[in-house]
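Trainee: need a structure here:
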Amino acid sequence: MAKAPKKPAASAVVDRNNPKLSLWNFWVSCTLLKLLLIPGYFSTDFDVHRNWLAITNKLPLKEWYFESTSQWTLDYPPFFAYFEWILSQFVSKAVREDGCLDIVAVGKFGFPTVLFQRLTVIASEVMLFVVLQIYINKSQMAERSANFVVASSIVLSPGFLMIDHIHFQYNGFLFAILIASILAAKHQRYLLCGFFFTTALCFKHIFLYLAPSFFVFLLRVYVLDFSNFQFKSYNDLISIVQWKNLFKLGSVVLSVLAVCFAPFVRDWSQVLKRLFPFSRGLTHAYWAPNFWALYSLLDKVLTLIILKVPCVHGFLTQFIAPPLIPATIEEINWKIQQYNVGTKGLVQDVYFVILPQIQPKLTFFLTLFYQILAVIPVLFSPSFKRFVGSLTLCGFASFLFGWHVHEKAIMLVIIPFSFLVTSDRRLLTPFHLLVSAGYVSLFPLLHESQDFLLKLLYTLVWMIIYSFALRQVTKMSSSVQRRVFFFDRFALFYIVMLVPMVFGVQLLEALKWRYAVLQKFEFAGLMIYSIYCSIGVLSSWVGLSWLYNFDEPLWM
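Mentor: Predicted coordinates:
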């Protein structure tokens, strides 16, 4: 008798019905595009990293954070400095002779240096693809398609393309480490979570803004155990601490910090001074699209109204006594002439003419206050979904209320939110508001005219593709009828109007050479970007905060 054919293995059936979703094609196509962008525009950040290559290669370690020949001093944590040192070991003779490793006030280099540094960004970004491929492969079959959409939206992000491969930075590599920590939390590998986040923090200290969420989450799920807790006395509080887990987690975190900072322990004050330069102004160069952009605008509007309609000043002084408001019109004019009032594109301290001055400690307390509100629910419901929600809101708080916030910091909000959005259809509206306003706010980083169509078309195509793709894979909540009609329609109108706003600013810039009156408003385009995009980012924060705090079924 003929033998009966063997039944296919269960894994083979699964593989046929659920083909492996790979990011390989995305990497190939992205790499080809990024290779074409090598000879294009790059910002001063290019010379920043070139100078860091030179510092770490030419100087002994103890001098890294003291060297100041160039204004682009080393101001990232030591792990990133070690990373620059490693890259400098691969600099060829031709690139050295081009000036790549010269410690000079202003870098003088040619195409060999440009080629080398561009290739280091492309090579280091491979880690982002690897981490996100692991995210896809470890997904349950039911959510694999949704996770593939999320992963591809990140690797194709207009933010990474504009910031890393045109403007020039290494965010793809750095965010890969952060994403690894998020995935470790998802798969309940809590020691790995602590290790990866601490490592990310030692590469780029801006991740410190996310630390409250990681701290509370790991404390709640790994260190504290309330399963058999019965409060009879204060001594019982000690019993909820899993001391072995606390020791292991603390050892992992402290070991990473020790490896990072131990060589600089004698110069820790100098390192801290470089990492946290509070001498810089409230706003960076101009206004990032956050709360302080609207605050700055209000000060400008009040100043203009008072100067044009002096009787308004007399009315205000009846309710607000000097020095909270300038005593005379002459004093207002004097302040405008003497101080940086935020219309010159400078990085120095910004002086408000009418409104109260903002101090670093105020931005710190505002950021901390909203971050505390974001992490408190994690203490009561330490699910992964709730953790990612708190992570996103911590990023929001730091971006909206932080001191000297860069436009590029919007990625600190977009990336965590991406891992949350497919869990419920109601999250799509605040997410679309965030990515549309956030990515468009990055356009002024690429101020060369030849990059205009590239950044506009790439972002527009990304938005169209992923607005439909995310809608297809996002879960429909049983309480979706509670979505707010006005908020959804406002978001749609806002996003559509971004296109004429961008074209309007571009037209304004193009006509400056012809009309002298437009040259008086040199930073009008930047201000329009900042104000309009800040409305979208703030609206997204309000929408997510409402769902996070008042829609408990969404997080169950």
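Trainee: can you pull the alpha-carbon coordinates of stretch 97-116 into CSV?
Mentor: Extracted C-alpha coordinates of stretch 97-116, given in CSV (Å, rounded to 0.1, in the frame of the first residue of the first chain):
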residue,chain,number,x,y,z
GLU,A,97,43.1,65.2,4.5
ASP,A,98,39.7,66.8,3.6
GLY,A,99,39.5,68.3,7.1
CYS,A,100,37.1,65.9,8.7
LEU,A,101,39.2,65.6,11.9
ASP,A,102,40.5,69.2,12.2
ILE,A,103,39.7,71.1,15.5
VAL,A,104,39.0,74.5,14.1
ALA,A,105,36.6,77.4,14.8
VAL,A,106,34.8,76.9,11.5
GLY,A,107,35.0,73.6,9.7
LYS,A,108,36.5,73.6,6.2
PHE,A,109,35.7,70.3,4.4
GLY,A,110,34.6,69.0,1.0
PHE,A,111,32.7,66.1,-0.5
PRO,A,112,34.8,63.3,1.1
THR,A,113,33.7,64.4,4.6
VAL,A,114,30.1,64.9,3.5
LEU,A,115,30.1,61.4,2.0
PHE,A,116,31.6,59.8,5.1
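Trainee: how about it: buried residues?
Mentor: The neighbour-count check on stretch 97-116 (16 or more other CB atoms under 10 Å) flags 98-102, 107, 109, 112-116 as buried. (Each C-beta comes from the backbone N, C-alpha and C, glycine too.)
Trainee: in which helix or strand would I find Gly438?
Mentor: Following DSSP states H and E, one finds Gly438 within helix 428-440.
Trainee: can you give me the offset of the following helix or strand past that helix from its chain's centre?
Mentor: From helix 428-440 onward toward the C-terminus, using DSSP H and E, the following helix or strand is helix 452-473. Taking CA atoms, centre = their mean, to the nearest Å, one finds helix 452-473 lying 19 Å from the centre of the chain it belongs to.
Trainee: per-residue confidence averaged over helix 452-473?
Mentor: The average pLDDT for helix 452-473 rounds to 94.
Trainee: which outside residues touch that helix?
Mentor: 145-146, 149, 153, 156-158, 161-162, 166, 421-422, 425, 428, 431-432, 435-436, 439-440, 442-443, 446, 495, 499, 502, 506 (CB atoms under 8 Å, 6 or more residues apart in numbering).
Trainee: Below-threshold pLDDT in the stretch 301-450 of the chain: ranges please.
Mentor: Residues of the stretch 301-450 of the chain meeting the criterion pLDDT under 70: 318-319, 321-324, 327, 335-350, 448-450.
Trainee: For it, just list every one of the helices.
Mentor: Assignment of helices within the stretch 301-450 of the chain using DSSP state H, counting those that start in this stretch yields the ranges 310-317, 329-338, 360-380, 384-401, 411-418, 428-440.
Trainee: And the third one, what does it pack against?
Mentor: Counting by 3 or more CB pairs under 8 Å, 6 or more residues apart in numbering; DSSP states H and E, the packing neighbours recorded for helix 360-380 are helix 211-218, helix 384-401, helix 524-550.
Trainee: So which of these is nearest Phe352?
Mentor: helix 524-550 (15.1 Å; CB to CB).
Trainee: Helix 384-401 and that closest one, what's the angle between them?
Mentor: When axes from the mean of the first three to the mean of the last three CA atoms, to 10 degrees is applied, the directions of helix 524-550 and helix 384-401 differ by 150 degrees.
Trainee: so helix 524-550 versus helix 428-440, what angle?
Mentor: Going by the same axes, to 10 degrees, helix 524-550 makes 150 degrees with helix 428-440.
Trainee: tell me what helix 524-550 is packed against?
Mentor: helix 291-308, helix 360-380, helix 384-401, helix 428-440, helix 485-510.
Trainee: Give me the neighbour count for Cys193.
Mentor: Neighbourhood size, Cys193 [other CB atoms under 10 Å]: 26.
Trainee: Do I have it right that it meets Leu218?
Mentor: Yes. Using CB atoms under 8 Å, Cys193 is in contact with Leu218, at 6.5 Å.
Trainee: what's the overlap in contacts for those two?
Mentor: Ala185.
Trainee: now for the helices and strands packed on helix 524-550, which one comes closest to Lys204?
Mentor: helix 384-401 (13.0 Å).
Trainee: show me where pLDDT drops low in the stretch 151-300 of the chain?
Mentor: Checking the stretch 151-300 of the chain against pLDDT under 70 turns up 228-237, 278-281, 284-286.
Trainee: Just the buried residues of stretch 97-116: which are in strands?
Mentor: Counting by DSSP state E, none of the members of the buried residues of stretch 97-116 fall within strands.
Trainee: Mind putting those residues into CSV with distance to Asp47 and pLDDT?
Mentor: Formatted as CSV, the buried residues of stretch 97-116 follow (distance: CB to CB, whole Å; pLDDT from 0 to 100):
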residue, distance to Asp47, pLDDT
Asp98, 13, 94
Gly99, 11, 93
Cys100, 11, 95
Leu101, 13, 95
Asp102, 11, 94
Gly107, 4, 88
Phe109, 8, 92
Pro112, 15, 95
Thr113, 10, 96
Val114, 11, 96
Leu115, 15, 96
Phe116, 14, 97
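Trainee: and those residues, which two are the farthest apart?
Mentor: Every pair of the buried residues of stretch 97-116 checked by CB to CB; the farthest is Asp102 and Leu115, at 16.8 Å.
Trainee: and Trp513, how many neighbours?
Mentor: Using other CB under 10 Å: Trp513 sits among 9 other residues.
Trainee: measure it to Asp164 for me?
Mentor: Using CB to CB, to the nearest Å, Trp513 is found at 31 Å from Asp164.
Trainee: so where's the stretch 451-556 of the chain shaky on pLDDT?
Mentor: By pLDDT under 70, the low-scoring segments of the stretch 451-556 of the chain are 477-485, 517-519.
Trainee: Which residue is the nearest non-sequential neighbour of Arg220?
Mentor: Closest residue to Arg220 apart from its sequence neighbours, by CB to CB, 6 or more residues apart in numbering: Pro382 at 4.1 Å.
Trainee: ok, that neighbour - how many residues close by?
Mentor: 18.
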